[in-house]
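Trainee: Sequence first, then the predicted structure, then my questions.
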Amino acid sequence: MWVWPSRSGEVAFYGRCLAGIWLPCVRASLDAHGGWRDTQTMMLIRRAAGLWGAASFVGAAVAAARRQPGYSHRSHHVSGLAARGESSARIMIPGFLALGASNLLASAPTQTLRRVERAAGITTIAAGLVRVSEPRCPQPGFDPSATQSDAGHGAASIATFVLWTAMPFVAAKELEPAELEPVWYRRVARVSRVLTLVLFVAAGVTTRVDSSYKGLAQRAFLSSVFAFQAATGIATPAES
């Protein structure tokens, strides 16, 4: 039988998770300033961040759903897997942290795009640590049972989604006038800014009306985001 850890055990658990997130970030920072010799290894990790971050998050969601009876990927948001008091949270929280770390570490072809992705990394980690009160994810302002924790998680999640939606717009704006290579990535940015925006709106609308397909809409949005982030890492020059 699963027993959720005590408050002290939960704090220790978060501490271990955060140590696993921030140490690679510190290492990457030192590497950028010549503090590490294995620059090729760190560059590979940074360029592949869009792949391993998404894989960690998706894998955590699939594994965590098995620990939450009645959970539906079609009907429920991913955040419900990290809800307070749920056994699935112990798997899903590290998934959030890994995704946030991938955004913090990820390489990007321009400084502005890199700043946007790093900001999304911070808000993603915040969304993973400030959890919803129930698996159904009560909506602050519309559901009287919503708590301050729900409000905090909602704010962090919305900020993350907005930043992710902005990424292809930033990429298209900065790369097209300069006609920077690769050409295929500029095309991906043009398509992604429309697709991601449409799916962002769809995710918001289905959440607002509490549609039985809100989980599917959210996952469609995340798929678009993850695909663009993976393409961004691949398109980034090795020296960036």
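Mentor: All right, it came through fine. Residues are numbered from 1 along each chain as shown.
Trainee: Endpoints of stretch 65-83, how far apart?
Mentor: 12 Å (CA to CA, to the nearest Å).
Trainee: Could you give the average pLDDT over that stretch?
Mentor: For stretch 65-83, mean pLDDT is 95.
Trainee: counting contacts, what elements does the lengthiest helix in the chain pack onto?
Mentor: The residue-count maximum for a helix in the chain (DSSP state H) belongs to helix 148-178. Where contact means 3 or more CB pairs under 8 Å, 6 or more residues apart in numbering; DSSP states H and E, helix 148-178 is packed against helix 111-129, helix 183-208, helix 214-235. (C-beta placed from N, C-alpha, C; glycine too.)
Trainee: Buried residues, it. List them.
Mentor: Within helix 148-178, the residues that qualify as buried are 149-154, 156-157, 159-161, 163-172, 174-175, counting by 16 or more other CB atoms under 10 Å.
Trainee: about what we covered before: quick one: closest of the helices and strands packed on helix 148-178 to Ser79.
Mentor: The closest of the helices and strands packed on helix 148-178 to Ser79 is helix 111-129. By CB to CB, the value is 7.1 Å.
Trainee: which residues sit against the closest one?
Mentor: 14, 21, 79, 82, 92-93, 95-97, 99-108, 152-153, 156-157, 159-160, 163-164, 166-167, 170-171, 174, 229, 232 (CB atoms under 8 Å, 6 or more residues apart in numbering).
Trainee: I'd like the helices and strands packed on helix 148-178 as TSV, with mean neighbour count, distance to Met42 and mean pLDDT appended.
Mentor: As requested, the helices and strands packed on helix 148-178 are exported to TSV (neighbours: other CB atoms under 10 Å; distance: least, CB to CB, whole Å; pLDDT from 0 to 100):
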stretch	mean neighbour count	distance to Met42	mean pLDDT
helix 111-129	21	15	96
helix 183-208	17	22	95
helix 214-235	21	13	96
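Trainee: The ones you listed into TSV, with extra columns for distance to Pro138?
Mentor: Shown next, in TSV, are those (distance: least, CB to CB, whole Å):
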stretch	distance to Pro138
helix 111-129	15
helix 183-208	11
helix 214-235	13
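Trainee: Minimum distance to Gly59: which of those has it?
Mentor: Nearest of these to Gly59, taken as CB to CB: helix 214-235 at 12.4 Å.
Trainee: what angle do the closest one and helix 111-129 make?
Mentor: 140 degrees (axes from the mean of the first three to the mean of the last three CA atoms, to 10 degrees).
Trainee: do you know how far Thr39 is from Thr147?
Mentor: Between Thr39 and Thr147 the distance is 46 Å, computed by CB to CB, to the nearest Å.
Trainee: out of everything not next to it in sequence, what's closest to Ala220?
Mentor: Among residues not flanking Ala220 along the chain, Leu199 sits closest, at 5.2 Å (CB to CB, 6 or more residues apart in numbering).
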